[in-house]
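Asks: Quick one: sequence and predicted model below, then my questions.
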Amino acid sequence: SNLLLGCELTASTKSYTFQVDEEDDSDHILALCVVCLTDGAKDECNVVEVIGRNHENQEIAVPVANLKLSCQPLLSLNNFKLQPPVTFRLAAGSGPVHLSGWHRIRHREDASFEEDDDLSEEDEEELPPIMPAKK
């Protein structure tokens with residue numbers, strides 16, 4: 001199932017952590033669609049970073065967007081896939097920055113997955129929690 005996800009980062013709420021119940025026998029994928037400045041943003045650089053864990057379970061922070069009202073108020077991330085738990089943080093600027101995306105839940109006992117992911121089951125286990133952006 002797909003659930004719509006949205007959160008806002010501001011000067012007072014600089015981070016948002018997305019967590020899932022890891023005991024529920026499901027695979028969770030967070031697909032980030034759009035990061036955009038919203039009403040009240042100043043013309044300054046707003047850097048949004050994603051904090052997650054790599055395959056060695058070390059915490060890593062990756063900047064995903066640098067938004068500025070006058071030149072780049074919105075960035076489409078084209079369903080940038082992340083593995084929860086993950087934290088979005090406003091590393092620079094005061095926002096407000098709105099993030100929207102999808103939370104995709106796949107129950108492991110489902111043999112078929114209606115998504116058109118062409119990854120085989122074995123490859124899926126090897127996915128690092130944070131995947132590099134497609135160039």
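Replies: Now that the structure is in, tell me what you want to look at. Being a predicted model, the structure only gives us computed values, none of them experimental. Residues are numbered from 1 along each chain as shown.
Asks: When you work out contacts or count neighbours from here on, use the C-alpha atoms and nothing else.
Replies: Noted.
Asks: any idea how far the nearest residue to residue 15 once chain neighbours are set aside lies from residue 105?
Replies: Excluding its sequence neighbours, the residue lying closest to residue 15 (CA to CA, 6 or more residues apart in numbering) is residue 89, at 4.2 Å. Residue 89 sits 23 Å away from residue 105, going by CA to CA, to the nearest Å.
Asks: Repeat that for residue 29.
Replies: Taking CA to CA, one finds residue 29 at 7 Å from residue 105.
Asks: quick one, which of those two is more surrounded?
Replies: residue 29 (20 against 15; other CA atoms under 10 Å).
Asks: Run a quick check on that one versus residue 84, I expect a contact.
Replies: Yes. Judged on CA atoms under 8 Å, residue 29 makes contact with residue 84 at a distance of 6.7 Å.
Asks: residues in contact with the most centrally placed residue in the chain?
Replies: Most central in the chain under CA atoms, centre = their mean is residue 32, positioned 4.5 Å from the mean C-alpha point. With contact set as CA atoms under 8 Å, 6 or more residues apart in numbering, residue 32 has these partners: 77-82, 99-102.
Asks: Would you mind listing the buried residues in the host helix or strand of residue 31?
Replies: Using DSSP states H and E, residue 31 sits in strand 26-37. Using 16 or more other CA atoms under 10 Å as the test for burial, strand 26-37 gives 26, 28-37.
Asks: Likewise for stretch 76-88?
Replies: 77, 80-86, 88.
Asks: And it, end to end?
Replies: 16 Å.
Asks: How far does the strand holding residue 31 sit from its chain's centre?
Replies: Mean-position distance between strand 26-37 and its chain equals 4 Å (CA atoms, centre = their mean, to the nearest Å).
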